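Peer 1: Give me a model of this one.
(chains A, B, C and D)
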2 protein chains.
Amino acid sequence: MVVTTTGQGGGRRPPGLPTIKDVAEHVGVSFKTVSRVVNGDGKVSAQTAQRVRQAVEELGYVRNESARQLRRGRTGTVALLVRAVSDPFFAAICDAAAERARDHDLAVFVTSTHDRAERERELATAMAGRRPDGLVITPIAESQDYLQGVLDSGIPVVAIDRPARGIQVDAVLADNAGGVRDAVEHLLRHGHSRIGYLGDAPEIFTARERVAGFRSTAEVHGLGLREEEIDLARPDDERIATLLRRWRAAPDPVTALVTGNNAITMAALRELVDEPHPPALVGFDDFELADLVRPAVSVVAQDPAAVGRTAIDLLVERLRQPERPVRTIRVQTRLIPRGSGELTVGQR
Amino acid sequence: MVVTTTGQGGGRRPPGLPTIKDVAEHVGVSFKTVSRVVNGDGKVSAQTAQRVRQAVEELGYVRNESARQLRRGRTGTVALLVRAVSDPFFAAICDAAAERARDHDLAVFVTSTHDRAERERELATAMAGRRPDGLVITPIAESQDYLQGVLDSGIPVVAIDRPARGIQVDAVLADNAGGVRDAVEHLLRHGHSRIGYLGDAPEIFTARERVAGFRSTAEVHGLGLREEEIDLARPDDERIATLLRRWRAAPDPVTALVTGNNAITMAALRELVDEPHPPALVGFDDFELADLVRPAVSVVAQDPAAVGRTAIDLLVERLRQPERPVRTIRVQTRLIPRGSGELTVGQR
DNA sequence: CTGAAAGCGCTAACAT
DNA sequence: ATGTTAGCGCTTTCAG
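Peer 2: Take a look at the predicted model:
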């Protein structure tokens, strides 16, 4: 459906927005005076200031940030590279980071890498061209050493979700092992001792930390793990469905599952949702509607907002103190029991 | 947990990234030659070009976009204002828009307005300061006339999700009324004639279009609507739960519901999920896991990716032809039956 | 094929 | 309190 009307903007050739000079001319002062008013640099009589402000309003003057940035050397921006803004975890990080950045008069520019290493580099470089005051990245590539020059030039970098490699930078990570430990101990408390683990591929940093948490917790509690009940691979509904059927058909089947990330939790749920007696389940990462599925899904929730805020905090601190030691901050996870993790062995 | 190591970046004072001049000096050519190589402006001997490229690599030169933009007048960017990137609908729009923009060598800068009118204006103005080649906005404020100057200056504006007011601009909207019509007719086909409607507050454009679709469809099919079974208000779990209990306790209760947006669908589901015989339900907007709830939720799905892509297309077309008539494009919705909408009256 | 000069719009430093 | 001058890093003429 197409509604036809007149063209936009009255049809003039792009005259461009007015400049500081246009405003000055309009008022009859030097363009520097306008600059002073616009920037609140004091040293302007209240009267002139008033007239300038009026002219600014009338002409619709908006300061050209490119020019300003070029002259000042800083842009007041932070570049944020995430896996995908359409991933709720990263979306929450973006919103929280933008919010916190506002408090420091910084604007956040977000880009999605879609987990492609070459795009990470491409986008980080493109962002560097815009001379952000800082760079927050979700490392994917083998190494981030290509950022050394950027770092040396005085633009701090903060890694989130996974540590950077090949460069020494601050990082904000989740307490992956601790989260899984909580999940396992929760299941143990509810009488489970045969627990299966479905994790993402071991190339992925968080996947390694999480399964390590699983193994060590199992060891601490003297659980006899069977390697065939630990699965590490890219999420794939089909594969996971098959695997679960096999596990559950075994003579001494697992009574509980821990899933290592959201996509895997979803895949497992799709397979189990219509089972009359599903195994207990605790998923890593909370998700909307976890409380609407039956049984409601217990999860280890991350705190994406804290990750986003902390990343900005680290960046700002480093801008203030470039020499301070590099830090890695772990954001705690939180176990949210909703029922699926409480299914006891007897209930099966 | 804090790991302490050495500072970042070798501890030098910010020397800034190398400039075109540094590269030129390093190679022993004029800085203009470097500019030519960097921009692929031909007219450079293959040998010089090679040496320049090597120096660029060695020094880690990245073009300063602020300087470039200042001189060229265009930035190669599009500013995108959405309600919130953490809203899955808008997140999908963002990703699709960024993808499509890449094809035109445009970078998209996203900001969230969080549905606050004053922030819409504030952010749109801040974005204008960065001189984007185009502006895509999700209108919230009463009027967008404050953008007239931006428009006149040659920066096109496209409205998404809701039309802009006070300015004549292109728009990409969903077929709201059509989507609800499909929902209602789907329910009619399954034997429902007593249908309740839960919509968002009537101040909201999409809410008005959707309830209008409900009313007109009901009329076409000769359904006798009862006004007390049409509810329009900001989503509120408590209110909706109470309302539903009342509706269902009535002597001749509704057998089916249409919910006008995602938040309302969620609220209704929370109330109905544990009912043995819930009413049929069709929600406006698809959501992840709609297939995991039992019964799986039938929805009218929007196509956010199409909205994002179309917005960029309109922008690019207008950049090419500033005088073309203003257009409003409606993106079709799609009914996805999953079970909740098929519950027949007899099944209750 | 390459270079020199000018200037985009702004702010910092220095006058007045 | 206001104005002048210079220059940020780059691209666009215009010459060589």
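Peer 1: List the buried residues in stretch A:82-102.
Peer 2: A:82-101 (16 or more other Cβ atoms under 10 Å in any protein chain shown). In short, each C-beta sits where N, CA and C put it, glycine included.
Peer 1: Ignore what I typed, I meant stretch A:248-267.
Peer 2: A:248, A:254-267.
Peer 1: Go back to the buried residues of stretch A:82-102 and keep what's next to DNA strand C.
Peer 2: Near DNA strand C, judged by Cβ under 7 Å from any atom of the strand, there are no entries from the buried residues of stretch A:82-102.
Peer 1: Which of those fall within strands?
Peer 2: residue A:82 (DSSP state E).
Peer 1: which residues touch the helix or strand that residue A:213 is a member of?
Peer 2: In this assignment (DSSP states H and E), residue A:213 forms part of helix A:205-220. Helix A:205-220 is contacted by residues A:161-163, A:174, A:176-181, A:184-185, A:195, A:197, A:199-202, A:225, A:230, A:232, A:258, A:260-261, A:284 when judged by Cβ atoms under 8 Å, 6 or more residues apart in numbering or on different chains.
Peer 1: Write the PyMOL selection for whichever of those are buried.
Peer 2: Only the buried entries of those go into this PyMOL selection, using 16+ other Cβ under 10 Å:
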select buried, chain A and resi 161+162+163+174+176+177+178+179+180+181+184+195+197+199+200+230+232+258+260+261+284
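Peer 1: Show me the contacts of helix A:205-220 that map onto strands.
Peer 2: Those of the contacts of helix A:205-220 lying in strands (DSSP E): A:174, A:195, A:197, A:199, A:230, A:232, A:258, A:284.
Peer 1: Distance check, the fourth one against residue A:273.
Peer 2: Spatial separation of residue A:199 from residue A:273 under the definition Cβ to Cβ, to the nearest Å is 21 Å.
Peer 1: same check, this time on the first one
Peer 2: Residue A:174 is 27 Å from residue A:273, where distance means Cβ to Cβ.
Peer 1: Kindly report the same for the last one.
Peer 2: For residue A:284, the distance to residue A:273 equals 19 Å [Cβ to Cβ].
Peer 1: now do the second one
Peer 2: Going from residue A:195 to residue A:273 by Cβ to Cβ gives 20 Å.
Peer 1: where's the nearest residue to residue A:53 once chain neighbours are set aside, which helix or strand?
Peer 2: Nearest residue to residue A:53 in three dimensions, chain neighbours excluded: residue A:37, at 6.4 Å (Cβ to Cβ, 6 or more residues apart in numbering or on different chains). Per DSSP H and E, residue A:37 falls inside helix A:31-39.
Peer 1: go on, residue A:166?
Peer 2: With DSSP H and E as the test, residue A:166 turns up in no helix or strand.
Peer 1: How many residues are close by it?
Peer 2: By the criterion of other Cβ atoms under 10 Å in any protein chain shown, residue A:166 has 14 neighbours.
Peer 1: Surely it touches residue A:144?
Peer 2: Yes. Counting by Cβ atoms under 8 Å, residue A:166 sits close enough to residue A:144 to count as a contact (5.4 Å).
Peer 1: which residue sits closest to the spatially most central residue of chain A in space, ignoring its chain neighbours?
Peer 2: In chain A, the residue lying closest to the centroid (Cα atoms, centre = their mean) is residue A:90, at 3.4 Å. In space, and not counting its chain neighbours, residue A:90 is closest to residue A:82: 3.9 Å by Cβ to Cβ, 6+ apart.
Peer 1: That concludes my questions; thank you for your assistance.
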